[in-house]
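Novice: fold the stuff below for me.
(one chain, ligands or ions: 1)
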Amino acid sequence: MFVKICGLSTAQDVAAAIAAGADAIGFVLTESPRRIEPAAARRLAEQVPAGVLTVAVFGREPSAEVRRAATAAGVGAVQLHGDHPPAAFAELRDLGLRLVRATSAAAGAGAACGDFGEDLLILDSPVPGSGEPWDWSELGANPPSGSWMLAGGLSPANVAEAIAAARPWGVDVSSGVEVRRGVKDPALITEFVQRAKAAG
Ligand SMILES: O=C(O)c1ccccc1N[C@@H]1O[C@H](COP(=O)(O)O)[C@@H](O)[C@H]1O
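Specialist: Residues are numbered from 1 along each chain as shown. Prediction:
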């Protein structure tokens, strides 16, 4: 089970995610209570070992801004929310970074990772980063195929149930490992990674 912890903003939280065995770490570079500057993301990314994927998270920013900020942050991947068209992924391909497409369950049911030129696919709740769970059974008999992550309202308390219901390749969490909006809890990060790995 591939586990991504998103919205990190302190060295302590990054260290906790790495120590717990997270496979990917996300830095939010778009509008959010978790937003950090690309230079801050770069400082955090520099403490991440090569085997852990660093991801810069964006919303509807134009490709030129995504290129500028992702390059400044020195990350290994770019995650795009906001239902960008395939052309947006094609425009970023020459950056040499992994490309992550995040979409809603409604749009992603039956999708295949790679449909839009992405390397990883995320199925999220309609409001990214809101901590609102969605009905994983919406996927029904039509889950995505390939390398896709379940996100949206996950927490240590429900991640095992979510994995059993949706059978994703990976999981992604932000709100569910926080004590309050934008403030991560290292203990919750550790618990989330352990429970996700045990369930997968
Ligand atoms: O975390 C954010 O603040 C955020 C803001 C804008 C776009 C994406 C964001 N995070 C992504 O949202 C989901 C996790 O949400 P949740 O808080 O666990 O429900 C995940 O894909 C994050 O990468």
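
Novice: please name the nearest non-neighbouring residue to Phe89.
Specialist: The shortest distance from Phe89 to any non-neighbouring residue, by CB to CB, 6 or more residues apart in numbering, is to Gly117 (3.8 Å). Heads up, the C-betas are built off the backbone N, CA and C, glycines and all.

Novice: confirm the one you found sits in a strand?
Specialist: No: assessed with DSSP: H, G, I helix; E, B strand; the rest coil, Gly117 is coil; it does not lie in a strand.

Novice: show me what contacts the closest residue to the ligand within the chain?
Specialist: For the chain and the ligand, the shortest gap (CB to the nearest ligand atom) falls at Gly129, measuring 2.5 Å. The contact partners of Gly129, taken as CB atoms under 8 Å, 6 or more residues apart in numbering, are Cys6, Gly7, Val28, Ser32, Arg34, Ser174, Ser175.

Novice: what of Leu8?
Specialist: Val14, Ala17, Ile25, Gly26, Phe27, Leu44, Lys184.

Novice: mind listing what's buried along the helix or strand hosting the third one?
Specialist: Read that as Ile25. Using DSSP states H and E, Ile25 maps to strand 24-28. By neighbour count on 16 or more other CB atoms under 10 Å, the buried set for strand 24-28 is Ala24, Ile25, Gly26, Phe27, Val28.

Novice: skipping adjacent residues, who's closest to the fourth one in space?
Specialist: So that's Phe27. Ala41 (3.9 Å).

Novice: filter the contacts of Leu8 down to the ones close to the ligand.
Specialist: Gly26 (CB under 6 Å from any ligand atom).

Novice: please report how far the most centrally placed residue in the chain lies from Phe192.
Specialist: Nearest to the geometric centre of the chain sits Asp172, at 4.9 Å (CA atoms, centre = their mean). As judged by CB to CB, to the nearest Å, Asp172 and Phe192 stand 10 Å apart.

Novice: could you do Asp135 as well?
Specialist: Asp135 sits 21 Å away from Phe192, going by CB to CB.

Novice: likewise for Ser130?
Specialist: Look at Ser130 and Phe192: by CB to CB, they are 17 Å apart.

Novice: for Asn142, same thing?
Specialist: 27 Å.

Novice: for the two, indicate the residue with more neighbours.
Specialist: When Asn142 and Phe192 are compared for neighbours, Phe192 comes out ahead with 25 against 11, by other CB atoms under 10 Å.

Novice: how far is stretch 90-103 from where the chain is centred?
Specialist: The chain centroid and the centroid of stretch 90-103 are separated by 14 Å under CA atoms, centre = their mean, to the nearest Å.

Novice: would you tell me what the next helix or strand after the lowest-mean-pLDDT helix or strand in the chain is?
Specialist: Ranked by mean pLDDT, DSSP states H and E, the weakest helix or strand in the chain is helix 105-108, scoring a mean of 82. The C-terminal neighbour of helix 105-108 among helices and strands, as given by DSSP H and E, is strand 120-124.

Novice: let's see the longest helix seen in the chain as PDB, backbone CA atoms only.
Specialist: Scanning the chain for the helix with the most residues, using DSSP state H, yields helix 186-199. The C-alpha coordinates for helix 186-199 follow below in PDB (Å, rounded to 0.1, in the frame of the first residue of the first chain):
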ATOM      1  CA  PRO A 186       3.200  13.300  14.400                       C
ATOM      2  CA  ALA A 187       1.400  10.600  16.400                       C
ATOM      3  CA  LEU A 188      -1.500  10.600  14.000                       C
ATOM      4  CA  ILE A 189       0.800  10.500  11.100                       C
ATOM      5  CA  THR A 190       2.500   7.400  12.500                       C
ATOM      6  CA  GLU A 191      -0.800   5.800  13.300                       C
ATOM      7  CA  PHE A 192      -2.200   6.500   9.800                       C
ATOM      8  CA  VAL A 193       0.800   5.000   8.000                       C
ATOM      9  CA  GLN A 194       0.900   1.900  10.300                       C
ATOM     10  CA  ARG A 195      -2.800   1.200   9.800                       C
ATOM     11  CA  ALA A 196      -2.700   1.800   6.100                       C
ATOM     12  CA  LYS A 197       0.300  -0.500   5.600                       C
ATOM     13  CA  ALA A 198      -1.300  -3.200   7.800                       C
ATOM     14  CA  ALA A 199      -4.600  -3.000   5.900                       C
END
